[in-house]
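S.K.: need the 3D shape of this:
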Amino acid sequence: MTPRLTIRLTTLPKVAALAALTATTAIAGPDDNSINLVWEREQTTLDVYYFTDHTGLTVIKNVYDTLVDRDPETGEYLPLLAIEWDWESETSLVMKLREGVKFHNGEDFNADDVVYTLNYVTDPANKILLLQMINWIEGAEKIDDFTVRVNLKEPFPAALEYLSLGVPIYPNEYYAEVGTEGMGMNPVGTGPYKIASFEPGREYVLEKFDGYFEGGPKAPAEVQTVRVKTQKDTNLQIGQLMTGEADFLWRLSPDQADQLEMMGKHRIERTPTMRISFLAFNVHDANSPFSNTKVRQAVSHAINRDSIATNLVGGGSKKLETVCATQQVACPTPNVIYDYNPEKARALLAEAGYTDGFSTSVAGTSFRSITEAVIGDLQQVGIRANLDSYVWAAFREKWVNDNLEFFHSGTGFWGLGDASIAFGTYFNDMPQDLSNDPKVNALLTEATLSYDLEERTALYAQAQDVILENAYWVPLVNHVVNFAFAPGLQFQPQMDEINRFYEARWE
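M.R.: Model prediction:
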């Protein structure tokens, strides 16, 4: 869900040595109007409905288009593939579509593509993985060649937010012919970039789509080619940046960002985001200490979140008291707050019958340094924990099958700026809800149906109170993401962590 950035660069000579080791002829830059992004993530498919990592949103925004776009700075919803929309009722949205749009393979975009896409992804038989993006949609119907009706299962106030980010439109004829395997390897969209090549888990290459329509909120791309390459070793990433093999690094550790900034050659951006880290528990395993509320509350008091924010995340990160990102619409102010109090944590453990503490494991996939800090804090109150490290796919499989007892994870909420994604993904009897509290579920169901923002926020606040009182989650910190750019590369990162390459340019 989030990358592991745990290797620290301790000396500037070490950086220089790495640059020497990785020195190659620069393959990207202003001379050929291209960008090389190197990151730790692995893109295993380009059929984004079957890919749950946040990095899939970069593919969505560049290769595909959605019906609606959202200005990442103002939050305003803008016409993209749909030029007008009107609510017929609380569960019926009529959308007028843009004419003259073509897919990368030359297929004309029209209502058939929208209806096909929405009806395909909402069909349970197709078993898409990005369920949280579309599980509010009943289906779609064609009114005419450029008008569709989107039918909702029930009132859903965040509909436009979800349509603006996580619901790309596919070409009906092409997808019906090649299926998810073909789309995963050779995707066809209407976006400002098309896929030139793809090596799953290693690299994909974007080429500017010369046929991209003008007049929409996404301008035609200025950079001709973008190469997105996987490199697990973050020190080697830095070496590639220094030699010119890479122009763009994402999610640097604070130490790495600081050292590159000291060297003075590359532009460093520290961007506050909606990404958060948290701890969670399987509370229904009667054989686990974490089935005891007092034990979970003890963990909440044991973690020095201020220290994690300052020393491990940096860049203005702060401890988190909510189960949603504070920038999200309808994210409520917290009423239940746990201070850092090891003495109280030890007392709660004693009340729960664990005077001498106990041994356990903490599962995690990324930001290992944070998990290790959590383990160190738990040790101070008598909870002896080992780290079980997983790749994301295995971790998620265990999570949704209730096979994780206690874990550290994180989320960027897939870039969605509405609190419904937090409560609707990790609670309310969803696959990743390990608490499944009936009171929480009832409050969230009621909130989901309300178009009154004040009422919805108040209901989320009540649900959050129950979640935190019972310590089903331990919110840890919000994340600041560090970027590094080659000299002359103009690009502005956004808090949703979506890399909109069509906005990049060389000076």
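S.K.: work out the sheet partners of the longest strand along the chain and label each with its direction, please.
M.R.: When the chain is parsed with DSSP state E, its longest strand is strand 267-281. Strand pairing for strand 267-281, determined by DSSP bridges: strand 406-411 (antiparallel), strand 473-485 (antiparallel).
S.K.: export that strand as PDB, just CAs?
M.R.: The C-alpha trace of strand 267-281 is given here as PDB (Å, rounded to 0.1, in the frame of the first residue of the first chain):
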ATOM      1  CA  ARG A 267      14.900  20.300  -6.600                       C
ATOM      2  CA  ILE A 268      13.300  18.800  -3.500                       C
ATOM      3  CA  GLU A 269       9.600  19.000  -2.800                       C
ATOM      4  CA  ARG A 270       8.100  18.000   0.600                       C
ATOM      5  CA  THR A 271       4.300  17.600  -0.100                       C
ATOM      6  CA  PRO A 272       1.700  17.100   2.600                       C
ATOM      7  CA  THR A 273      -0.600  14.300   1.500                       C
ATOM      8  CA  MET A 274      -3.800  12.500   2.600                       C
ATOM      9  CA  ARG A 275      -1.600   9.400   3.300                       C
ATOM     10  CA  ILE A 276      -1.800   8.100   6.900                       C
ATOM     11  CA  SER A 277      -0.300   5.200   8.900                       C
ATOM     12  CA  PHE A 278      -2.300   3.300  11.500                       C
ATOM     13  CA  LEU A 279      -2.300   0.100  13.600                       C
ATOM     14  CA  ALA A 280      -5.200  -2.300  13.500                       C
ATOM     15  CA  PHE A 281      -6.300  -5.500  15.300                       C
END
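S.K.: which strands and helices sit next to the following helix or strand past it?
M.R.: Helices and strands here follow DSSP states H and E; after strand 267-281, the next one along the chain is helix 293-302. Secondary-structure packing of helix 293-302 (3 or more CB pairs under 8 Å, 6 or more residues apart in numbering; DSSP states H and E): helix 342-351, helix 368-380, strand 383-389, strand 473-485. (C-beta placed from N, C-alpha, C; glycine too.)
S.K.: the second one: which residues count as buried?
M.R.: Read it as helix 368-380. Residues of helix 368-380 classed as buried: R368, S369, I370, T371, E372, A373, V374, I375, D377, L378 (neighbour count, 16 or more other CB atoms under 10 Å).
S.K.: who's in contact with the fifth one?
M.R.: The one in question is E372. L387 (CB atoms under 8 Å, 6 or more residues apart in numbering).
S.K.: ok, it to L387 distance?
M.R.: Noted for E372: a distance of 7 Å to L387, by CB to CB, to the nearest Å.
S.K.: pop the domain breakdown of this structure in here.
M.R.: Per automatic domain parsing, the structural domains of the chain span 12-55+180-270+481-506, 68-174, 275-480.
S.K.: centre of the chain to the second one, how far?
M.R.: The chain centre lies 21 Å from the centre of domain 68-174; the measure is CA atoms, centre = their mean, to the nearest Å.
S.K.: repeat for the last one
M.R.: Computed by CA atoms, centre = their mean, the separation of domain 275-480 from the middle of its chain amounts to 17 Å.
S.K.: state the mean pLDDT of it.
M.R.: For domain 275-480, mean pLDDT is 96.
S.K.: kindly check the end-to-end length of that domain for me.
M.R.: Distance across domain 275-480, first residue to last, is 8 Å (CA to CA, to the nearest Å).
S.K.: and of the domains of the chain, who's closest to N62?
M.R.: Nearest to N62 among those is domain 12-55+180-270+481-506 (4.5 Å), distances taken as CB to CB.
S.K.: F146 against G100, yeah?
M.R.: No: counting by CB atoms under 8 Å, F146 does not reach G100; the two are 10.1 Å apart.
S.K.: settle it for me: which of the two has more neighbours?
M.R.: More crowded of F146 and G100, by other CB atoms under 10 Å: F146, with 17 against 9.
S.K.: what sits against that one?
M.R.: Neighbouring residues of F146 by CB under 8 Å, 6+ apart: K96, L97, R98, E99, N110, A111.
S.K.: repeat the analysis, applying 7 Å as the threshold.
M.R.: Going by CB atoms under 7 Å, 6 or more residues apart in numbering, F146 touches K96, L97, E99, N110, A111.
S.K.: would you mind measuring from it to L416?
M.R.: Where L416 is concerned, F146 sits at a distance of 27 Å (CB to CB).
S.K.: that older thread, which of the buried residues of helix 368-380 lies closest to E497?
M.R.: So of those, ranked by how close each gets to E497 (CB to CB), first place is I370, at 17.3 Å.
S.K.: surely that closest one touches I308?
M.R.: Yes: with contact defined as CB atoms under 7 Å, I370 and I308 form a contacting pair (5.8 Å).
S.K.: which neighbours do these two share?
M.R.: Both I370 and I308 are in contact with L476, where contact means CB under 7 Å, 6+ apart.
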